[in-house]
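A.B. asks: Dropping a prediction and its sequence here:
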Amino acid sequence: MTETTTATRPADAAAARAWDIAATVCDPEIPVLTIEDLGILRETKVDDDGAGTQAVQVTITPTYSGCPAMDAIRDDVIRALASKGYQRVDVKMTLSPAWTTDWMTDAGKAKLEEYGIAAPTGKAAAGPVKVGISVKCPQCSSLNTRELTRFGSTSCKALYVCRDCKEPFDYFKVL
């Protein structure tokens, strides 16, 4: 895995099993998305102590350094793995490389749209931030929208309104 790519399910069977369990954990702020959909699930490792006890290490990357959901996500990952028999679970948070919306899965972006949140479009900028021309309304698909506020219900989202159907909606910002 390179630093700029989406994480992939491990090839090792034990680590893949732990990945599959951790991948079921949902984001507490956007419950239709799993941590795998968001791309914050980065790695799983499993070590056997020789006495039949498997220790699991899960690495996650927050969407931004102050994300308040990370404690809940960590606890949910530990709970999910413990419920499947893992006795020792360590969840490591890493800020490097920084999370980007480029890591979100296509399935995750589709789930956002179905949930009524406009998914991020384009790629994250390396350098000056590019100004988006328009954001498609998840209700009516109109491009006739405008930003109401840069920060919406969470810091990851901006609040927009559609000028055609008049509905407000969240836009998951490109980061």
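C.D. replies: Perfect, I can see it now.

A.B. asks: residue nearest the centroid of the chain?
C.D. replies: Centroid-nearest residue in the chain: L38, 2.0 Å away (criterion: CA atoms, centre = their mean).

A.B. asks: Could you check how far that residue is from E113?
C.D. replies: 15 Å (CB to CB, to the nearest Å). For the C-beta atoms, the positions are set from N, CA and C on the backbone; glycine is no exception.

A.B. asks: And for the residue nearest to K173 when sequence neighbours are not counted, the neighbour number?
C.D. replies: Nearest residue to K173 in three dimensions, chain neighbours excluded: A158, at 5.5 Å (CB to CB, 6 or more residues apart in numbering). A count of nearby residues for A158, using other CB atoms under 10 Å, gives 20.

A.B. asks: List phi and psi for A158.
C.D. replies: phi -110, psi 150 (degrees, to the nearest 10).

A.B. asks: Okay, and the beta partners of it?
C.D. replies: Y171 (DSSP bridges).

A.B. asks: can you pull the buried residues of the helix ranked longest in the chain?
C.D. replies: Longest helix of the chain, by residue count under DSSP state H: helix 70-83. By 16 or more other CB atoms under 10 Å, the buried positions in helix 70-83 come out as M70, I73, R74, D76, V77, I78, A80, L81.

A.B. asks: Save these as TSV, and put in distance to P62 and pLDDT too.
C.D. replies: Below are those laid out as TSV (distance: CB to CB, whole Å; pLDDT from 0 to 100):
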residue	distance to P62	pLDDT
M70	5	93
I73	8	96
R74	10	97
D76	14	97
V77	13	98
I78	16	97
A80	18	97
L81	19	97
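
A.B. asks: Which one of these is nearest to P10?
C.D. replies: In terms of CB to CB, no member of those lies closer to P10 than L81, at 14.5 Å.

A.B. asks: Nearest residue to the closest one in space, please, no chain neighbours.
C.D. replies: Using CB to CB, 6+ apart, the closest residue to L81 is V89 (4.6 Å).

A.B. asks: Check F151 too.
C.D. replies: A158 (6.7 Å).

A.B. asks: isn't that neighbour right next to P168, touching?
C.D. replies: No. Taking contacts as CB atoms under 8 Å, A158 lies outside contact range of P168: 11.0 Å.

A.B. asks: quick one, strands of the chain?
C.D. replies: Listed in chain order, the strands of the chain (DSSP state E) span residues 41-48, 54-60, 88-93, 117-118, 145-149, 157-162, 168-172.

A.B. asks: Show me what the first one is in contact with.
C.D. replies: Strand 41-48 is contacted from outside by 1, 7, 10, 12, 14-19, 22-23, 25, 34-35, 54-61, 94, using CB atoms under 8 Å, 6 or more residues apart in numbering.
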